[in-house]
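Student: Need coordinates for the below:
(one chain, ligands or ions: 1)
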Amino acid sequence: MIVTRFAPSPTGRLHVGNIRTALHNWMWAKRQGGRFLLRLDDTDAERSTAENAAAIRADLGWLGLVAETEAKQSDRFALYERRFEALRAKGRVYPCYESAEELELKRRILAGRGLPPIYDRAALNLGDAERAALEAEGRRPHWRFLLDHDSPIAWDDLIRGPQHLDPRLLSDPVIRRADGSWLYMLPSAIDDIDMGISHVVRGEDHVTNTGLQLQMFAALDAPTPAFAHEALLVGSEGKLSKRLGSLGCDAFRADGIEPIALIALLARIGTSLPVEPVADIAPLIESFDFARFGRAPARFDLDELKALNARIIHMLGYDAVADRLPAGMDAAAWAAIRPNLERIDQAQDWWAVVEGEVAATIAAEDRDYLAAAAALAADADWHDAIWKTLTAALGAETGRKGKALFLPLRLALTGREHGPDMNALLPLIGKDRAVGRLRAAAA
Ligand code: GLU
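Tutor: All right, here's what the predicted structure looks like:
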């Protein structure tokens, strides 16, 4: 059974980077007929809020990345406590008493000797009497996980290929603070085991964590999931800027971005597959494959997203958008107006051009021409090809052609110099309005 999870901390809103991670977890589960879980990593009680959790849920809902199950770590402390006790009984966690200042001093001494900042395990050598003395001073221990220096760490990453880490070059990670609260590392491994996670898909900033957590899986006698660490997302300027780091679903919605456009982009950037406009997610899921992911950072470009969004809108069928269109706008109107939209709410503006009042500034030399157009339009049989009929007759009558023939008509009929194909638009405007507009422009 394929089970993936998206595990954000509800200490803020989702940004485009973690939306991408959520998407890939969701897609992999979909592709394999598996399950996708949402796990809120809310062990940081001070910074985690219910509002952020609700916003994360709402964002995933907007994107259509629905989780079959949701869990939050703050409900699961009893389990962590049991596993912690089991590790303690095995001697795989140990209490440490160094203050932050003492640890910093150790790091500085190592750095001065040109050595990496690896914790020296001094606390491991404390005797009972020494520990008792420290506790008598009022010190409470924090806890570290004891890495097994004799078990080399290796896994075959689905994106990065074979990975090797030497546990001797890593510090025993702190897993629990002196106040009893949990750091990210151990609860996450416990949950991945308990929830039967088959694939952990996350950013490459977690590669070292994976090395540490692999030893936790082993210490907890659990099989390990598969891992896929994706290269990080960067902006068009080549780094994850502050702006990109705060770019979330609210901003995309405000920009008129459709969820499918964001998904189409985030599914493909950083992979060897091209970014393509799609009206439906199915082909993206079918082609989703970690083997296609590259090691270079994925470049996110807001302008590329906007252009893709427009191309996707031009493909969307009437049924997909009907409930967001102005009242009265039917399938024919959508087909006429769609090619001119960069965002769906602009349909409103074009519908106003069809139905509402238009005002145009007409050059004096075009007035007689438009009066002739009004007369022809009033006499014409109104049908679907009326634009062709009308302009052909006007061309024959006045000798005008090209821009001189078409532009004054477009201006008089729509109030604008550019817009949807007049072949499609004029039947929507209809005879009465068209004749009225042409007469008004001629006056
Ligand atoms: N809460 C962690 C984070 O947001 C989860 C990482 C993971 O996927 O294990 O970085």
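
Student: Report how many residues lie close to residue 258.
Tutor: Neighbourhood size, residue 258 [other Cβ atoms under 10 Å]: 21. For every residue, glycine as well, the C-beta is placed using N, CA and C.

Student: scratch that, residue 47 is what I was asking about
Tutor: Neighbour tally, residue 47, other Cβ under 10 Å: 12.

Student: who touches it in this structure?
Tutor: 9, 11 (Cβ atoms under 8 Å, 6 or more residues apart in numbering).

Student: Same question for residue 401.
Tutor: With Cβ under 8 Å, 6+ apart, residue 401 has these contacts: residue 395.

Student: Just the pLDDT for whatever residue of the stretch 251-400 of the chain ends up closest to the ligand.
Tutor: Nearest residue of the stretch 251-400 of the chain to the ligand: residue 290, at 15.3 Å (Cβ to the nearest ligand atom). Here the pLDDT value assigned to residue 290 is 98.

Student: what's the answer for residue 89, then?
Tutor: pLDDT, read off for residue 89, is 98.

Student: how close does it get to residue 231?
Tutor: Noted for residue 89: a distance of 40 Å to residue 231, by Cβ to Cβ, to the nearest Å.

Student: and these two? which has more neighbours close in?
Tutor: Comparing residue 89 with residue 231 by other Cβ under 10 Å, the one with more neighbours is residue 231, at 16 against 9.

Student: Identify the residues contacting the more buried one.
Tutor: Counting by Cβ under 8 Å, 6+ apart, residue 231 has contacts 159, 204, 270, 293-298.

Student: Counting neighbours, which of those residues comes out on top?
Tutor: residue 270 (24 neighbours).

Student: Residue of the stretch 151-300 of the chain nearest the ligand, please.
Tutor: Closest approach between the stretch 151-300 of the chain and the ligand, counting by Cβ to the nearest ligand atom: residue 202, at 3.9 Å.

Student: give me the low-pLDDT residue ranges for the chain?
Tutor: In the predicted model, the chain carries pLDDT under 70 at residues 240.

Student: wait, residue 20 sits on residue 298?
Tutor: Yes: using Cβ atoms under 8 Å, residue 20 makes contact with residue 298 at a distance of 7.4 Å.

Student: shared neighbours, these two?
Tutor: 230, 233.

Student: Who's the closest spatial neighbour of residue 245, skipping the chain neighbours?
Tutor: residue 15 (5.4 Å; Cβ to Cβ, 6 or more residues apart in numbering).

Student: repeat for residue 257
Tutor: Nearest one to residue 257, counting by Cβ to Cβ, 6+ apart, is residue 309 at 5.1 Å.

Student: Packing partners of the helix or strand harbouring that neighbour?
Tutor: If you go by DSSP states H and E, residue 309 is part of helix 302-313. If contacts are counted by 3 or more Cβ pairs under 8 Å, 6 or more residues apart in numbering; DSSP states H and E, helix 302-313 sits against helix 259-268.
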